[in-house]
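> Need coordinates for the below:
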Amino acid sequence: MHPCRRPFRLALLLCLPCLPVLLGLVGANAPPAARKEGVRLAVLVVFDQLRGDYLSRWEKLFVKDGFRRLQTEGAWYRNCHYPYALTLTAPGHASLATGCPPDRHGIIANDWYDRASGDFVNAVRSDRYRPVPEPTGTSKKFQGAGPDRRSRPAVGDALHKATKGKAKLVSLSIKDRAAILLAALLRMQICYWFSTGAGGYVTSSYYDDRLRPWVEQFNKRRLADQWFGKEWNRLYAQLDYAAHSGPDDVAAEGVGYAQGHKFPHPLVGMKNKLGKAYYEAFNNSPFANTELLELAKAAIAAEGLGQHDVPDLLTLSFSSNDTIGHCWGPDSQEVLDVTLRSDLIVKELLDYLDAKVGRGRYLVVLSADHGICPIPEVAKAQGKDGARVAPELLTTKATAFLNETFGKKGERQPWVEAASGPWVYLNRGVLKEQKVPPAKVEEALAGWLAKQPGVQAAYPRTRLLQGPFQDDAIGEMVRRSFHPEASGDVCVVLRPYHLLSPPISPKLNSYRTTHGSPHPYDTHVPLLVYGPGVRAGARDERVTPLSAAAILCRGLGIEPPEGMEGRVPEGLFR
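Numbers count the residues shown, from 1 in each chain. The predicted structure follows:
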């Protein structure tokens, strides 16, 4: 190891002069004709919550042939930011796969309020489908999942069309929403994710009515079970973790699923037996990523990926980085450790692709779906203005303001129908009944919210529908997260290092911080490209992760999916 003691440098801050460049990355480049001797397998790798500055901050700690191989032998875009505000898992994966932002593909969050049903909906779960295999020994009805709420095709759809259905499409993740939203809209493809209920990998009747034989065999190995009763300790015993991240025992950090504040972290789950609680703890450790890598290798071998007359596509999303970051925070030794272990995963994946597909015959694009905010209490201890803002601001407090402004109508919450994330959904029935113009209520509420402690800005629906914000970079990012059919009526943007969150509670053992803002620590992610024809070197030009889809299409020699906005950065390919 070569420990690096350079001080941490905060990611480049978003500024107004960057906005024209940010928004200018639109229009797909026409791809060259596909060549038989070219890319046989394209691989999109996502490390959930791998913040962009981690690769610079810990570069000297990486092994030779992991992240560093991509950084030196491939193209490394160090200034890559999402162009929208609600930086969450589902929108991030959908944007990477389709090359367009939430205002186009419709996946605005992981969950949101649905006015039509009067209930909250999930980005991928649906009663229209059933889980495969179906859970046994219970009468509870379990939902299946599918991509119904994503309105735009992905790279996989474009490859299927270009190869007349001959290409193999495989999408794998620990999270269902990650696997599904990276995949094509097609039903007949290979799409699997980890179930904490089953302790193995599952799919949905949207894709198939039974597991593929190689997945059945993989599940029989019960790889997740091997960690039960063991401990997660630091990868490198001789490395001074505190010098590169922070102290180990921090009171504001979470304790996971009976895993504790500090190393070593036991892996038994909260009930000390094999079952859902243990598998939640397993996911909240680096070893779930390790198991996903083994599943990916099994898929490559069993499906013969990269061995056909037409190119294939493999999408992988490693989710444990995200659960660990939510629990212990980005300044923790746990996040440093899972990043170092991710480095080894990249090395092993590249070595396997070298052996099974061959150097010069595969293309890898690596990125993340979002970054992460420091734990507010940790940020405050570091001298930053960090705090938690009570979620009641968007419900009871907002209702009280509207009652005072427009009059109380005798209902418990007459004006606010629901709140989801940063969105307030006004009760349209009450607005109509009281003959109050929606725009007037939206403007009044947005103006009041913008003046509340911890709030940076608030945007009414009427303004978001009007079109681009010319002189407000944050407003434009909110607009790119806004979809009329799913979003609410007023969106709140909190100040940096502020979270819409109740005070820390022992009941939230695994959740101490989150993401979902337009601030650089949430928008900044890596973009690494490795493969034939790629010009190697680090680049500091401003790009967005929407380019990932365009890069994959260019490497595959296919036309991009309909509606893709991202483009191939100039000079990437020779």
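
> got a list of what the residue lying closest to A198 once chain neighbours are set aside touches?
Excluding the flanking residues, the one nearest A198 by CB to CB, 6 or more residues apart in numbering is P135, at 7.0 Å. Every C-beta, even on glycine, is put in place using the N, C-alpha and C of the backbone. By CB atoms under 8 Å, 6 or more residues apart in numbering, the contact set of P135 is 142, 197-198.

> can you pull the pLDDT of A28?
If you check A28, the pLDDT there is 39.

> whoops, R35 was the one
For R35, the pLDDT comes out at 42.

> repeat for G197
Per-residue pLDDT puts G197 at 93.

> which ones are touching it?
135, 142, 276, 279.

> swap in L50?
Contacts of L50 by CB under 8 Å, 6+ apart are 321, 339, 342, 368, 525-526.

> pLDDT weak spots in the stretch 201-350 of the chain?
For the stretch 201-350 of the chain, no stretch has pLDDT under 70.

> At which residues are the strands of it located?
For the stretch 201-350 of the chain, the strands defined by DSSP state E, counting those that start in this stretch occupy 230-232, 265-267, 312-318.

> Could you look over these and pick the most buried one?
strand 312-318 (a mean of 29; mean count of other CB atoms under 10 Å).

> sorry, back to before: measure the residue nearest to A198 to S195 for me?
As judged by CB to CB, to the nearest Å, P135 and S195 stand 8 Å apart.

> residue contacts, the residue nearest to L426 when sequence neighbours are not counted?
Sequence neighbours aside, D489 is the residue nearest to L426 in space, at 4.5 Å (criterion: CB to CB, 6+ apart). Going by CB under 8 Å, 6+ apart, D489 touches 423-426, 438, 441-442, 445, 460-461.

> Out of these, which sit inside helices?
Here DSSP state H is the test, and the contacts of D489 give 438, 441-442, 445, 461 as lying in helices.

> Closest to P561 out of these?
R461 (28.6 Å; CB to CB).

> I figured that closest one hits H483, correct?
No: using CB atoms under 8 Å, R461 is not in contact with H483; the gap is 11.1 Å.

> Which positions within the helix or strand where V43 lies qualify as buried?
Assigned by DSSP states H and E, V43 belongs to strand 41-47. Neighbour counts using 16 or more other CB atoms under 10 Å place 41-47 of strand 41-47 among the buried residues.

> which helices and strands does the longest helix seen in the chain pack with?
In the chain, with assignment by DSSP H, the single longest helix is helix 333-356. Packing partners of helix 333-356 (3 or more CB pairs under 8 Å, 6 or more residues apart in numbering; DSSP states H and E): strand 41-47, helix 67-73, helix 241-244, helix 287-303, strand 312-318, helix 320-328, strand 362-367.

> what does the next helix-or-strand element following the second one contact?
To tie it back to what came earlier, the one meant is helix 67-73. Next along the chain after helix 67-73, taking DSSP H and E as the criterion, comes strand 75-81. Residues outside strand 75-81 that contact it (CB under 8 Å, 6+ apart) are 12, 14, 22, 52, 55-56, 70, 367, 520, 523-530, 534-545, 569, 572.

> so strand 75-81 versus strand 362-367, what angle?
On the basis of axes from the mean of the first three to the mean of the last three CA atoms, to 10 degrees, strand 75-81 is oriented at 30 degrees to strand 362-367.

> And strand 75-81, what's buried?
Buried residues in strand 75-81, defined by neighbour count with 16+ other CB under 10 Å: 75-81.

> Distance to L499 for those residues - can I get that in JSON lines?
JSON lines is the format used below for the buried residues of strand 75-81 (distance: CB to CB, whole Å):
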{"residue": "A75", "distance to L499": "34"}
{"residue": "W76", "distance to L499": "30"}
{"residue": "Y77", "distance to L499": "28"}
{"residue": "R78", "distance to L499": "27"}
{"residue": "N79", "distance to L499": "25"}
{"residue": "C80", "distance to L499": "24"}
{"residue": "H81", "distance to L499": "20"}
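
> from those, which is closest to T290?
Nearest member of the buried residues of strand 75-81 to T290, counting by CB to CB, is W76, at 24.6 Å.

> before we move on, back to that, just checking: what are the partner strands of the strand holding V43?
If you go by DSSP bridges, strand 41-47 pairs up with strand 312-318 (parallel), strand 362-367 (parallel).

> In CSV, list those strands along with distance to V378.
As requested, those are exported to CSV (distance: least, CB to CB, whole Å):
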stretch, distance to V378
strand 312-318, 24
strand 362-367, 26
